[in-house]
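Peer 1: Next input, structure requested:
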Amino acid sequence: MVDTIEAQEPAFKDIVDGLKKMFKQIPGCVDTLEDFMSVEQQDVHLLENAFCCIKMIFEVFPAKISSLRQSILKSALLYKNASEQFTNVQGFIPYMKTVWSKINTLLKVNGNRDNLKKYSELVQEQFDTNTVEEGKRLIYNMLAEERREQDSQWMLLIQEYKDSWLSDCAIEKVGKKIKGLNNTNLRNNEIECRKIFEEIWKEVEDDKIQFNRQIVLQSEELKRHIQVTFNNAVSEFSSTVRQGSKQKEKEKFKRDFWTSIKKPSTLEEHISINIEQIQNIIEINSHFNFFTVKKNVNKRKIAEEIENKLKQTINRITYDLKQKLSLHIEYGQATKWLETLCNCLFEFTQPLTNIEFKSDLDFFEKYLRSQIYKTLRDNTIEWENQQKEKLDNLKKRLSSSFQKILTDFSNESLSKEVVGYILTEFRKQLKVKEKSIDQKLQIYLKKGWEDTYTAADHAFSKSFGALNINAIREYLEDPTEYMSNLFNNDYKMYSEILIEYVLREIEEYYIITKDSLSKGISEWNELFDPKRSYDQLPLSNFFIYLSAHSTPFEYNSLRIFMQREFNVNMKETVPEYDLSDILKDSNSLLGSITIEKPVDFCDILRKSLIESLTNMQTTWNNTERFIVKERMRVHLETKNILLSSWNQLGCLERCPFCSSKCELPDDGHTQHQVKKHLLPAFSGFRNKDTGYPALIVCTEDDAQNKNWGYLKESVHLPFTQFLSKYHPSWLPFPRSEPSDEHVVKMRAIWWKLKDELCEKYSMIDNTDPTWGSRYGSLIPE
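Peer 2: Numbering: from 1, shown residues only. This next block holds a predicted model:
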């Protein structure tokens, strides 16, 4: 492992050089990077100082920072700490956590302070206090989103290293032994080779035991981990309740939710949720005094909806854990889960369902806790089985290679081994390409369904906005289902596009890899005299040449070495090849072997590689392409079942007057927005005394000039005061005139649908007859 870390020094120095070049572009920026990049300071402070420098230029070079941050993070994970020699996992994992903690702290503290300071300077005395505060909140949210993206990136890195660490160590151990033995004569001594290999593998098995102790939580440990983490999360959850927030209803519900959870709570493995339980803890609320809604309220149906939505929400959480094969709960995850659970339940207290939970919600949290435990327990078993299978297969492969390499020194034998490891790594990269569909999907969802528009906005434009009566009927029958259907249709079309895009990427990877290997091997071959023998020419030099684009520092060092030792003149321009991903294992295992006749070796290797890749490409075109396509299609379908109605539906808050859904993303905003409010009668709202449909859009003067209040309240308040007291997050509220184009559309739609809606909701139609002549012709028959 130490050799691998030391091998990363040039890569880290390349990043440092890149930073220094950027600093020189900034007036007044002192180039002090060299001071803290010294060998004596190879610890966490190196990362901290480097990140501080990045922070200074964040606003000047924002596009470059994300890439540099990723590079620094990756190099940090492989860079040697003065106090920790990464010969085992005990040093490796704590260092990773320490580095991330430093970076995350710097982001949080410096990012918030500097951005808010600049924001305050720009908006000072230009906007009202509410607008300024909302701006501050949005800055906090954007920084939080950046941290979430980094958290996700961090988790992917942990997953990558967690899954590959043991295999990498095993290959390096065998490679080191080959380096120490390749000058000895073990030809035809298979028994001795097997004996030596078994001694090596005993060390690998010891590493495995130690590794699993650090990574895997056994049954009782896992139970304690779940219990302690959730109890801590329950305590932390209380801090997410914002005192003085405009979202008084939501914050009150969060307080009630937190209060109802028993503290401390135990883990109950076999807890379940049933409809009867839910039905017993809910009651239906009454609505406003101006109009009411008559519906056949069925508590059991609502309980079924709650159970279904609750299980969907928790399934999304557990699905994510299964996909990542998580073995324990990461910091902050449980608190986010509790908030997600709380938001799921809060949705049912909104006007369209308008129910109230009348007793403790503790069993919901216990159910979530039990599902997390079961998922992590199953993940642990699956991960251990995967590791065992991978290690058993690796042992067979390495044992065979170890014997062949030390007993057969022919170019044919060596090239066959190199080809085998290159093709194995090539197949792994094909799997990486296939799995990249998840990341591409997340980018699409964020840009298309969170940043660009939300489902509410999109649904309105496709139905009411387009005066599409059939679409409006679907919308009114079940707005959430209509929005979900729009999303599902869009998702299905994009899935097909995405699958074809990934398939093309894989096909291009075949072509690029084959061409790069062919050209790179030929160029390397041309450097040498076919009649000459080259002593002390390790195979690792060949691998460095083929990986030159990703390791330019090593390439330049190799160029100087080759000229000095062998009078071989490599070109100064770094080749464009970047085959390091498929050469890593070959280099670790076989890099120390010397090649006396590089021309002969390369001729055999090139022919064998191109032939093997061509055969793989033929198999891909004939069968594999269709198998991978179907696998991705099934994966995306499964993903959609869990994604549907998630972030894509945006904020779930509804207008307290007409039940129109907030059209903003679910980004934690404190002021809700609906540009196009609907007629309350569309949802069955009517005058509680006369039964007449409510035909005033809540943005009209007629609605806003009335007094409002709940049926259980004796005092009714003017429109704005009512909102200020009960729903301040809906202020300021928009106003419209009767001649407003939107109001005209609403009246035209009502005229078209009034008969069926009055029948459906048992309303008495008293629509102004003049609406027929004024608005009826706007929608064709």
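
Peer 1: Need the pLDDT of Phe402.
Peer 2: On pLDDT, Phe402 comes in at 90.

Peer 1: Against which helices or strands is the helix or strand containing it packed?
Peer 2: For Phe402, the host element (DSSP states H and E) is helix 362-407. Other helices and strands packing on helix 362-407, by 3 or more CB pairs under 8 Å, 6 or more residues apart in numbering; DSSP states H and E, are helix 129-181, helix 190-215, helix 219-237, helix 299-324, helix 333-346, helix 411-446, helix 580-590. All C-beta atoms are positioned from the backbone trio N, CA, C, and that covers glycine.

Peer 1: swap the cut-off to 6 Å and go again
Peer 2: helix 129-181, helix 190-215, helix 299-324 (3 or more CB pairs under 6 Å, 6 or more residues apart in numbering; DSSP states H and E).

Peer 1: Sketch out the low-pLDDT regions of the stretch 301-450 of the chain for me.
Peer 2: Filtered on pLDDT under 70, the stretch 301-450 of the chain yields the residue ranges 350-354, 359, 448, 450.

Peer 1: Over to the stretch 451-600 of the chain?
Peer 2: For the stretch 451-600 of the chain, the stretches with pLDDT under 70 are 451-454.

Peer 1: quick one, strands of it?
Peer 2: With DSSP state E, counting those that start in this stretch, there are no strands along the stretch 451-600 of the chain.

Peer 1: Helices of that one, start to end?
Peer 2: Using DSSP state H, counting those that start in this stretch, the helices of the stretch 451-600 of the chain run over residues 455-462, 469-477, 479-526, 539-546, 552-566, 580-590, 598-619.

Peer 1: Nearest residue to Gly591 in space, ignoring adjacent ones along the chain?
Peer 2: Ser540 (3.3 Å; CB to CB, 6 or more residues apart in numbering).

Peer 1: Report how many residues lie close to the one you found.
Peer 2: 22 (other CB atoms under 10 Å).

Peer 1: That one is in contact with Leu590, isn't it?
Peer 2: No: with contact defined as CB atoms under 6 Å, Ser540 does not reach Leu590; the gap is 8.4 Å.

Peer 1: Kindly state the domain boundaries assigned to this protein.
Peer 2: For the chain, the structural domains run 2-127, 158-284+298-407, 410-649, 680-776, going by the TED database.

Peer 1: And the ones you listed: which comes nearest Asp666?
Peer 2: domain 410-649 (5.8 Å; CB to CB).

Peer 1: So what's the gap between that closest one and the chain middle?
Peer 2: Remark: domain 410-649 is offset 20 Å from the chain centroid, using CA atoms, centre = their mean, to the nearest Å.

Peer 1: Quick check: end-to-end length of that domain?
Peer 2: End-to-end span of domain 410-649 (CA to CA, to the nearest Å): 64 Å.

Peer 1: cool, stretch 181-192 as well?
Peer 2: 12 Å.

Peer 1: dump the residue contacts of the closest residue to Thr424 other than its chain neighbours.
Peer 2: In space, and not counting its chain neighbours, Thr424 is closest to Asp585: 7.2 Å by CB to CB, 6+ apart. By CB atoms under 6 Å, 6 or more residues apart in numbering, the contact set of Asp585 is Ile171, Tyr421, Glu425.

Peer 1: per-residue confidence for the first one?
Peer 2: Per-residue confidence at Ile171 stands at 91 (pLDDT).

Peer 1: doesn't Asn587 make contact with it?
Peer 2: No: look at Ile171 against Asn587 with CB under 6 Å: they stay out of range, at 9.6 Å.

Peer 1: residue contacts, Val204?
Peer 2: Ala170.

Peer 1: 8 Å - rerun?
Peer 2: Val204 makes contacts with Leu166, Cys169, Ala170, Lys173, Leu391, Lys395, as judged by CB atoms under 8 Å, 6 or more residues apart in numbering.

Peer 1: So the nearest residue to the fourth one once chain neighbours are set aside versus Lys416, what's the distance?
Peer 2: This means Lys173. Spatially, and ignoring its direct neighbours in sequence, Lys173 is nearest to Ile200 (5.5 Å; CB to CB, 6+ apart). Separation of Ile200 from Lys416 (CB to CB, to the nearest Å) stands at 22 Å.

Peer 1: Over to Tyr331?
Peer 2: From Tyr331 over to Lys416 (counting by CB to CB), the distance is 47 Å.

Peer 1: Comparing those two, which residue is more hemmed in?
Peer 2: Taking other CB under 10 Å, Tyr331 and Lys416 do not tie; Lys416 has more neighbours (16 against 13).

Peer 1: My guess is Glu700 contacts Pro734. True?
Peer 2: No: when contacts are counted by CB atoms under 8 Å, Glu700 is not listed as touching Pro734 (10.3 Å).

Peer 1: Between those two, point out the one with more neighbours.
Peer 2: Glu700 (18 against 13).

Peer 1: who does the more buried one bridge with?
Peer 2: With DSSP bridges applied, Glu700 shows beta-bridge pairing to Ser736.

Peer 1: Tell me who's in contact with Ser514.
Peer 2: Slight slip there: residue 514 is Lys, not Ser. By CB under 8 Å, 6+ apart, the contact set of Lys514 is Ile610, Leu613, Thr614, Gln617.

Peer 1: As TSV, those residues with pLDDT, distance to Cys344 and neighbour count would be great.
Peer 2: Listed next are these as TSV, based on pLDDT from 0 to 100; distance: CB to CB, whole Å; neighbours: other CB atoms under 10 Å:
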residue	pLDDT	distance to Cys344	neighbour count
Ile610	95	55	15
Leu613	96	50	21
Thr614	95	53	12
Gln617	95	48	16
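
Peer 1: Can you tell me which of these is nearest Glu365?
Peer 2: Comparing these against Glu365 with CB to CB places Gln617 closest, at 52.8 Å.

Peer 1: Please tell me how far the closest one sits from Tyr510.
Peer 2: Applying CB to CB to Gln617 and Tyr510 gives a distance of 5 Å.
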